[in-house]
Structure formats: C-alpha cells, structure tokens
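> turn this into a model:
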Amino acid sequence: MNRRHQFQRISRQAQPIEEVLLDIEGSELNNNIREVNNNNSEVNNNNTRQLNNSTVTPQVPTQIRPRELNASQPQVTNFLYKPLPIKKQREIDQQVLKIVREYHPFSVVEDIEFKKLVFLLNSNYKLPSRKTISSSLIPATYNETVEIVKKRLERAYAICLTMDGWTSRAQDSFFSVTAHYVVEEEKRTFLASDLLACSAYAERHTGENITKKMIEIFNEWGIYNKITVVVTDNAANMKAAVRGGGWRHWGCFAHSLNLVAQAGLKEIEPVLCKVKSIVRFFSKSSHAIQNLKLR
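Down below sits the predicted model:
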C-alpha cells in the first residue's frame, strides 16, 4: 500500500506550471515595490531637511462650539420634576393646615423627618414654610371660612347663642359667642355650631358693657333679628346683659349642676379635709406610696 507509481512520485516533486508563473510575477512585483519604497524614502528625507531648516507654525485646531439648545426642545430635567397643578397644590396645603389645626406647632413643616415623609408621598409637592402658613395660608382660610359661615347664617331662620366670659390665670379677660342653628342644604340638613367671636375684653364686666359687646357682634354677623334664646351661666351680670338687650335667657344646665354639687360638698367639708390631707401625705413621700402599693 505504501508503494506508489513512479509518475506519481515525480509529479509530487515537480512544481506545477501555474505556481512557476506566479513565482515569476511575484518576484517582478517585489522588485517594483522595492523601487517605490526607495523613492519614497528619498522624498521623505528631503522633506524632513526642509522642515528642519524652516520655522513651522503649529496649526491650532478650531474650537468646536457646542450645539446651541433650542428653547422649544424638551430637556431631561423637564421629565424628572413636574410641578403640581395649582388646584392640587391648594388641596395639599389645606390638608397641611388641618394637621397644624390639631394643636401642632407651625414648625412641624420644617421638621426634617416630616419633609422626608411628604417627599416620599409626593416628590413634586413643595411644602410651605412656617412663615407662609402663619402669614398667608391661615388668614386666607379664615376669610374663606367667614364667608361660608355668613352665607349659612343668612339662610338660617332661628339662631341660639351660647356666651361666656372668663379671666385667665394671667389676669387676661376674654369673651366668646357661639351660634347654634340648623343648616338646610340641597343634599343634607344638619346642626351647625360656629364660633362667632373669642376676643380679649378689657372693659368692666358689667351688664351694660356686655350688652354693648353683644350688639356689636350680632350686627357684624347680621343675626340681630334671628336670635331666639341666649344661654349663659347663672352670673348676675350675664343675666342682666341678656335681658338688657331684650333677648330670652336660659341658664346653663351644666353650670347649674356644678353649683348644686359645690353646695353639696360643703355639707361634708370635714370629711373632705381628711381625705385631702391623706392624699397630700402620700403625694409627698415616695417611700409611703411604695409601701401602700405593696399592701
């Protein structure tokens, strides 16, 4: 099997005619390439000598100006932050006011954790400052509420009033008036109670002065001729003030009940004194209160 014909062995050793022609053409091509390279090297040498002998000024590339942005072209930031509509902004502001109304300080809007909470709920909402709440939002809400209450009072047929006057521990006197009436609307009917006045009162608490104050408040709200009854405590000056204006007076039931309880406690005053002394003893001694708890 390893033996081969003599012609096959010769044909393998001899180079084919096509390869011989390619070798001849390749040798001629290589000679031409060498001549071209020699010529190019001579040209490059001559150019290098000329550049060395002459002063060459470096060519500064022209500054490429950034493409001017079109004003109407949308930017990426426009999609990252989108301001809330005015109506939605006002709705959230009113809700923030309701939080403040629940006896929270105005500074709650400047609390860091509260800001984070609002941002997580709605990142597009801009939280108002404490100054904005006190000087802008609250007065605007007050004016809107006053207009709503005035329209209700205009539609009311009969109004009952509760009044009170008191002096604080700092010796500051106040006077308040609250209106109670039935509100009839298209979809519902309900009993409304609106505070009409709660202001400082520096005048003497005489019946005549209180009557003048009452007339001033009633005329301000336009309810002078709609008052059916005025409820106050059983103080003599309050009774005189209501009767002096020609209105019907009812005594406060809770105040009357309190007067009855206070009068009844006078009958057991010796027992009360003993109870108060016992409570005072244990409140001043932590050791005694601990022994009392163990028993």
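
> got the contact list for residue 154?
residue 222 (CB atoms under 8 Å, 6 or more residues apart in numbering). The C-beta positions use only the backbone N, C-alpha and C, and glycine is treated the same way.

> measure it to residue 224 for me?
For residue 154, the distance to residue 224 equals 13 Å [CB to CB, to the nearest Å].

> and the contacts of whichever strand or helix holds residue 99?
Using DSSP states H and E, residue 99 sits within helix 86-101. Residues outside helix 86-101 that contact it (CB under 8 Å, 6+ apart) are 84, 106, 108-109, 122, 125-128, 133, 137-138, 141.

> which parts of stretch 187-194 are buried?
Using 16 or more other CB atoms under 10 Å as the test for burial, stretch 187-194 gives residue 194.

> my guess is residue 173 meets residue 165, correct?
Yes: using CB atoms under 8 Å, residue 173 is in contact with residue 165, at 6.9 Å.

> now list whatever residues contact both of those two.
What both residue 173 and residue 165 touch, as defined by CB under 8 Å, 6+ apart, is the set 201, 205.

> what about those two, which has more around it?
Each of residue 173 and residue 165 has its neighbours counted (other CB atoms under 10 Å); residue 165 has more, 19 against 15.

> shouldn't the more buried one be within a helix?
No: judged by DSSP: H, G, I helix; E, B strand; the rest coil, residue 165 forms no part of a helix; its state is strand.

> beta partners for it?
residue 175 (DSSP bridges).

> in contact with it, which residues?
173, 174, 175, 176, 201, 205, 210, 238.

> make it 10 Å
173-177, 201, 205, 210, 213, 232-233, 235, 237-238, 241 (CB atoms under 10 Å, 6 or more residues apart in numbering).

> what do you get for residue 209?
Applying CB under 10 Å, 6+ apart to residue 209 gives the contacts 175, 201, 203, 237, 241.

> quick one: which of the residues you listed is most hemmed in?
Within these, neighbour counts (other CB under 10 Å) peak at residue 241, which reaches 26 neighbours.

> could you find the closest non-adjacent residue to it?
Using CB to CB, 6 or more residues apart in numbering and skipping residues adjacent in sequence, the residue nearest residue 241 is residue 210, 3.6 Å away.

> quick check, the one you found in a strand?
No: counting by three-state DSSP, residue 210 falls outside a strand, being helix.

> that one reaches residue 238, doesn't it?
Yes: counting by CB atoms under 10 Å, residue 210 touches residue 238, with 6.9 Å between them.

> can you list residues touching both of the two?
163, 165, 232.

> out of the residues you listed, which is nearest to residue 285?
residue 165 (41.5 Å; CB to CB).

> could you measure from that closest one over to residue 109?
Look at residue 165 and residue 109: by CB to CB, they are 35 Å apart.

> next: residue 264.
Distance, residue 264 to residue 109, by CB to CB: 50 Å.

> who has more neighbours out of the two?
residue 109 (20 against 9).

> buried sites along the helix or strand that residue 178 is a member of?
Using DSSP H and E, residue 178 sits in strand 173-184. By 16+ other CB under 10 Å, the buried positions in strand 173-184 come out as 175, 176, 177, 178, 179, 180, 181.
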